[in-house]
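In: With the input below, show me the fold.
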Amino acid sequence: MKMFKFTYSVRRAVYTICFFAFCIIDQRIKTCSGLDGWLETFRDLTGIVMAVVIMSHYRLRDITRRKIPYLIWTVICLTGTPFAFLWGKNNMPFLNDWVVVLLNVILYGYILIQTFISTAVEKRYPVLNRRYLAVWLLMMLLMILSRSKYIWPATYLVMFGAFYLTDYSKEEQEDLFQGMLDGMILGFFVLQGLCFVFRPYDTVRYKGVFSNPNLNALFYLEVLAAVFCKILWAAKANAGRLVKLYYWAGAGAVLSFELMTIGRAGWLTAIVLIFGFIKFLVRMRPLQRWWKSLAVLCLCVALTFPLCFGAVRYLPPVFHHPVWNWGEWSEQRVHSWDPWDSEKYVDIDEYLDAALGRIYGGFTNLLEHSPFLMKANAAEKNLPPNKIPVLSEDQSQSDTILIRKTIYSYYIHHLNLLGHPYEEQGFQLQKYYWIGHAHNIFLQYGTDFGIPVMVLFAALILWGTAVQWKRFMEYGSVEHAAAWMYLLIPAVFGMVEYSWGVGSLSITMLFVAWRKAVCDGK
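Out: Now for the predicted structure:
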């Protein structure tokens, strides 16, 4: 008997709720103030959700057969938790986060006991790619031993190490995969639905339920990958026309919202996902021409964009209850007393001018900064590694190539073998422009944890994507396609951004996708 008597549908529902929870966690940690402990609380809830995912596999007989370790841990928890709670109440800054931390410790104590028994005693674990797992373990250990002072690498080692070593059955893996996709699509419906009620379209780069358009763009990419995988699944399962139409229309809608963020990093990543999706679809359906699939996708975007733009622009004024995230309030934003046709709202002409201008500006920026000119500028600056590079006030913040070049130059000069604590990072780019992160996920990992971790992190992503691509071409498994997409999203997007660290959906999905590379020894 299963511990929770899961049926096939109930188990998938549990996984759906878990991945929906990851979406909520993602939104909250990116919009909380950080002053009342809720950012930390939601971040640490990631561990609770992953514990549910892992413990869903446990069987009652696994516990009843070896009671003593569980009884010992239970006694420790019953006697130690009250003292730990009182200590945290007097010494920790946020009691709400401390309660979540204690729950994590309790749950993962049971999980580690079961994982040890299953792997070391009973020799039950998935077929492992031991070389890949060894590199992953080495990266995690180097992160723990770095100068970063971060605790999360140790917690992620325990959390995802146990996840990788859990020997899910074939049916459980199918439920987990489908629940993952359904949970993110559900998250999109709920969060975007809240936007239609509470988030007026009053900044030209659409922020959605987040406080930054790049954060919103990254969330849409995660949902887009889920919808693409649903289309691949529908094609493989030969699903009905209405099901296929629903997911194709959904892909068009998500891409439409992605376009409204006017984020070039998001657009570039979406293009990479579209390329992989069409390649996978053609491999799955050899008679399907790639250009036909691309034409259908473009048609879906063309049909859904007016609907999505209209909903974003005209639905919030119907409800007229605008809600701001922390630090967003401004007189320039729409308020409840503003009329529905207020000039504060973004109209289609304003959007098109901004979108086309950003595209044009990107190309002209590249032409202005040819590789030769970039080298000349770097030579003119001649900045020693121990000096803060500050641009003059007359150098525009819209000059993205110059800004990125200056940021990357600073962070590259400060790379070392053991990384830097958070307080040693960042610099003043201009008088009112503080740079707090490297705007590149690989450089950021190198800055936080050292050059060896940066190299291993990049190697694991490149190796994983190559493995998943090859395996999909061999076996046509949609799970491999999903792993390929979720490995690439933070990597491609993170080339010019950071992907927003621990607890964010993109990083959680990166670690989830790594399981497909670790736990498949083919």
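
In: Can you give me the neighbour number for Leu138?
Out: Leu138 has 14 neighbours, counted by other C-beta atoms under 10 Å. In short, each C-beta sits where N, CA and C put it, glycine included.

In: List the buried residues of the host helix or strand of it.
Out: For Leu138, the element it lies in under DSSP states H and E is helix 130-145. Neighbour-count burial for helix 130-145, counted by 16 or more other C-beta atoms under 10 Å, picks out Tyr132, Leu133, Val135, Trp136, Met139, Met140, Leu142, Met143, Ile144.

In: what's that helix in contact with?
Out: For helix 130-145, contacts defined as C-beta atoms under 8 Å, 6 or more residues apart in numbering pick out 150, 153-154, 156-157, 161, 164, 418, 448-450, 452-453, 456-457, 459-460, 463-464, 467, 514, 517-518, 521.

In: Is there a quick PyMOL command that grabs whichever of those residues are buried?
Out: Buried residues among the contacts of helix 130-145 (16+ other C-beta under 10 Å), as a PyMOL selection:
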select buried, resi 150+153+156+157+161+164+448+449+450+452+453+456+457+460+463+464+467+514+517+518
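
In: now, which of the contacts of helix 130-145 lie within helices?
Out: Using DSSP state H, the subset of these located in helices is 153-154, 156-157, 161, 164, 448-449, 452-453, 456-457, 459-460, 463-464, 467, 514, 517-518.

In: mind checking which helix or strand the closest residue in space to Ile24 that isn't next to it in sequence is in?
Out: Nearest non-adjacent residue to Ile24, counting by C-beta to C-beta, 6 or more residues apart in numbering: Gly187, 6.9 Å away. In the assignment (DSSP H and E), Gly187 maps to helix 170-198.

In: For that helix, enumerate the helices and strands it packs against.
Out: Other helices and strands packing on helix 170-198, by 3 or more C-beta pairs under 8 Å, 6 or more residues apart in numbering; DSSP states H and E, are helix 8-29, helix 213-237, helix 241-260, helix 290-319, helix 478-493.

In: Using CSV, write out the CA atom coordinates for the first one.
Out: Right, helix 8-29. C-alpha atoms of helix 8-29 as CSV (Å, rounded to 0.1, in the frame of the first residue of the first chain):
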residue,chain,number,x,y,z
TYR,A,8,-2.9,7.8,-10.7
SER,A,9,-5.0,10.9,-11.0
VAL,A,10,-4.5,12.0,-7.3
ARG,A,11,-0.7,11.7,-7.6
ARG,A,12,-0.6,13.8,-10.7
ALA,A,13,-2.8,16.4,-9.0
VAL,A,14,-0.3,16.5,-6.1
TYR,A,15,2.5,17.2,-8.6
THR,A,16,0.5,19.8,-10.4
ILE,A,17,-0.1,21.6,-7.1
CYS,A,18,3.6,21.4,-6.3
PHE,A,19,4.7,23.0,-9.5
PHE,A,20,1.9,25.6,-9.3
ALA,A,21,3.4,26.4,-5.8
PHE,A,22,6.8,26.9,-7.4
CYS,A,23,5.2,29.6,-9.7
ILE,A,24,3.7,31.3,-6.7
ILE,A,25,7.0,31.2,-4.8
ASP,A,26,8.7,32.6,-7.9
GLN,A,27,6.4,35.6,-8.0
ARG,A,28,6.6,36.3,-4.3
ILE,A,29,10.3,36.2,-3.9
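
In: Next, the buried residues of that helix.
Out: For helix 8-29, the neighbour count (16+ other C-beta under 10 Å) marks 11-16, 18-29 as buried.

In: Check the third one too.
Out: When neighbours are counted by 16+ other C-beta under 10 Å, the buried residues of helix 241-260 are found to be 246-248, 250-260.

In: hmm, which two among the buried residues of helix 130-145 are most spread apart?
Out: Maximum pairwise distance among the buried residues of helix 130-145 (C-beta to C-beta): 19.1 Å, between Tyr132 and Ile144.

In: pLDDT (mean, whole number) over stretch 145-160?
Out: Per-region confidence: stretch 145-160 scores 96 on mean pLDDT.

In: ugh, wrong one, stretch 191-205
Out: pLDDT averaged over stretch 191-205 gives 95.

In: Just the strands from the stretch 301-450 of the chain, written as ranges.
Out: Assigned by DSSP state E, counting those that start in this stretch, the strands in the stretch 301-450 of the chain fall at 427-430, 433-435.

In: list the helices and strands the first one packs on?
Out: When you say that, I think you mean strand 427-430. On a contact count with 3+ C-beta pairs under 8 Å, 6+ apart, strand 427-430 meets helix 400-413, strand 433-435.

In: Partner strands of that strand, with direction?
Out: As defined by DSSP bridges, the strand partners of strand 427-430 come to strand 433-435 (antiparallel).

In: ok, and for the partner strand, which residues are buried?
Out: Quick answer for strand 433-435 (16+ other C-beta under 10 Å): Ile435.

In: Stretch 92-101 now?
Out: So, applying 16+ other C-beta under 10 Å, buried residues of stretch 92-101: Met92, Phe94, Asp97, Trp98, Val99, Val100, Val101.

In: can you tell me how far the nearest residue to Glu328 once chain neighbours are set aside sits from Ile441?
Out: Closest residue to Glu328 apart from its sequence neighbours, by C-beta to C-beta, 6+ apart: Ser211 at 5.6 Å. Ser211 is 20 Å from Ile441, where distance means C-beta to C-beta, to the nearest Å.

In: Looking at the two, which one has more neighbours?
Out: Remark: of Ser211 and Ile441, Ile441 carries more neighbours, 28 against 17, as counted by other C-beta under 10 Å.

In: The more buried one and Ile489, how far apart?
Out: Ile441 is 11 Å from Ile489, by C-beta to C-beta.

In: Next, format the strands of the stretch 301-450 of the chain as JSON lines and append distance to Gly179 and mean pLDDT.
Out: JSON lines is the format used below for the strands of the stretch 301-450 of the chain (distance: least, C-beta to C-beta, whole Å; pLDDT from 0 to 100):
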{"stretch": "strand 427-430", "distance to Gly179": "43", "mean pLDDT": "80"}
{"stretch": "strand 433-435", "distance to Gly179": "39", "mean pLDDT": "81"}
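
In: Would you mind saying which of those lies nearest Phe42?
Out: With C-beta to C-beta as the measure, strand 433-435 is the member of those nearest Phe42 (24.8 Å).
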